[in-house]
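**Q** have a look at this fold, sequence not included:
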């Protein structure tokens, strides 16, 4: 094999390897970009879920507070009514 043929073969191999490396790098970059999109979407969905859960808990707390207030009013009214009923007979 002559020196020119050896050089041509070497350049052909080198060119092929460079092409493979460039293709793999492009694939890796595309995969990382896709992963980044998915990660961002996942974080966004987690934020939405936490906000929804927080809102639901806040509504439950407000309802419990309202229910407690109504219960206290009812107990107070019943107590006053019972007191008046017993006081009137005495």
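**A** Great, that's in hand. Please read these numbers as outputs of a predicted model, since none were measured by experiment.
**Q** could you give the number of residues near residue 14?
**A** By the measure other CB atoms under 10 Å, the count of residues near residue 14 is 10. In this view, the C-beta of every residue, glycine as well, is placed from N, C-alpha and C.
**Q** so how far is the one helix or strand it maps to off the chain centroid?
**A** Secondary structure assigned from DSSP states H and E places residue 14 in helix 3-89. Between the mean C-alpha location of helix 3-89 and the chain-wide mean there is a distance of 1 Å, by CA atoms, centre = their mean, to the nearest Å.
**Q** and that helix, what does it pack onto?
**A** Packed against helix 3-89, as judged by 3 or more CB pairs under 8 Å, 6 or more residues apart in numbering; DSSP states H and E, are no other helices or strands.
**Q** what's the pLDDT at the residue nearest the centre of the chain?
**A** In the chain, the C-alpha closest to the average C-alpha coordinate belongs to residue 46, at a distance of 0.7 Å (CA atoms, centre = their mean). Looking at residue 46, its pLDDT is 98.
**Q** where does residue 84 sit relative to residue 74, distance-wise?
**A** Separation of residue 84 from residue 74 (CB to CB, to the nearest Å) stands at 16 Å.
**Q** any low-confidence regions in the chain?
**A** The chain contains residues with pLDDT under 70 at 1, 88-90.
**Q** what about 90?
**A** Across the chain, the ranges flagged by pLDDT under 90 are 1-12, 82-90.
**Q** I appreciate the help and will end here.
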